[in-house]
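> what's the 3D shape of this:
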Amino acid sequence: MDWLKNLVKSLPLDTISEYIAELVIWWSHLVKDVPDNDLPFLAYVGASILVLLLLIFVARVIPRPIGGMLWALAVAVLLTPGDTLTGTGQIAPAVAGVAHSALMGDMSGAVSAFLPILAVFIVLLFVGAIWQVLRGVIEVNIAKAKEKARIQEQKRLLEEAEKNAQKS
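Numbers count the residues shown, from 1 in each chain. Modelled structure (predicted):
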């Protein structure tokens with residue numbers, strides 16, 4: 001428990017509070033002209049983007065495939081649109097529909113609300129797999145080009161050395 005006390009004592013709380021105050025001021029200037037009805041949606045999207053940006057730092061520590069899958073899961077859970085269940089056609093995060101249905105005991109509703117999240121997750125995994133294949137092909141081509149340039153440079157140096165040896 002002493003490590004926790006030492007950690008709290010070593011944190012630069014004044015600096016952190018200044019950054020948070022600047023962030024709140026910046027956010028208030030950003031949303032001062034936004035209508036009240038759109039503010040919750042804007043706050044949710046802003047917070048989701050912030051979470052995803054912070055997750056990039058966490059995913060860099062985790063092995064590459066697992067980090068990519070974690071990031072794809074977070075994007076799918078946070079940004080998949082769903083219905084507000086009010087019948088007005090408004091959109092809300094699909095995870096809210098899953099949570100609402102699960103809390104109400106409607107497991108079939110929770111599964112049907114989870115299907116868009118699952119579909120987005122599968123599409124993101126597929127896009128990630130294609131990205132990794134393309135990245136691998138590009139890296140192999142770059143490595144081949146570097147090796148070819150290195151070999152050509154060695155040939156040129158060898159030819160120059162042979163010409164110099166013949167002149168001597």
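
> break down this protein into its helices, ranges please.
In the chain, the helices defined using DSSP state H lie at 2-10, 13-30, 39-61, 64-79, 94-103, 107-167.

> elements contacting the fifth one?
In this structure, helix 94-103 makes packing contacts with strand 81-83, helix 107-167, judged by 3 or more CB pairs under 8 Å, 6 or more residues apart in numbering; DSSP states H and E. To be clear about C-beta, it is placed using only N, CA and C from the backbone, and glycine gets the same treatment.

> at 10 Å what do you get?
helix 64-79, strand 81-83, helix 107-167 (3 or more CB pairs under 10 Å, 6 or more residues apart in numbering; DSSP states H and E).

> buried ones in stretch 110-126?
Burial within stretch 110-126, assessed by neighbour count using 16 or more other CB atoms under 10 Å, is assigned to 110, 113, 114, 116, 117, 120, 121, 124.

> adding mean pLDDT and distance to residue 88, write the helices of the chain out as JSON lines.
Shown next, in JSON lines, are these (pLDDT from 0 to 100; distance: least, CB to CB, whole Å):
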{"stretch": "helix 2-10", "mean pLDDT": "75", "distance to residue 88": "46"}
{"stretch": "helix 13-30", "mean pLDDT": "87", "distance to residue 88": "27"}
{"stretch": "helix 39-61", "mean pLDDT": "86", "distance to residue 88": "14"}
{"stretch": "helix 64-79", "mean pLDDT": "91", "distance to residue 88": "21"}
{"stretch": "helix 94-103", "mean pLDDT": "89", "distance to residue 88": "14"}
{"stretch": "helix 107-167", "mean pLDDT": "93", "distance to residue 88": "17"}
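
> now tabulate the helices and strands packed on helix 94-103 in CSV and tack on distance to residue 10.
Below are these laid out as CSV (distance: least, CB to CB, whole Å):
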stretch, distance to residue 10
helix 64-79, 28
strand 81-83, 42
helix 107-167, 38
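
> distance of residue 73 relative to residue 154?
48 Å (CB to CB, to the nearest Å).
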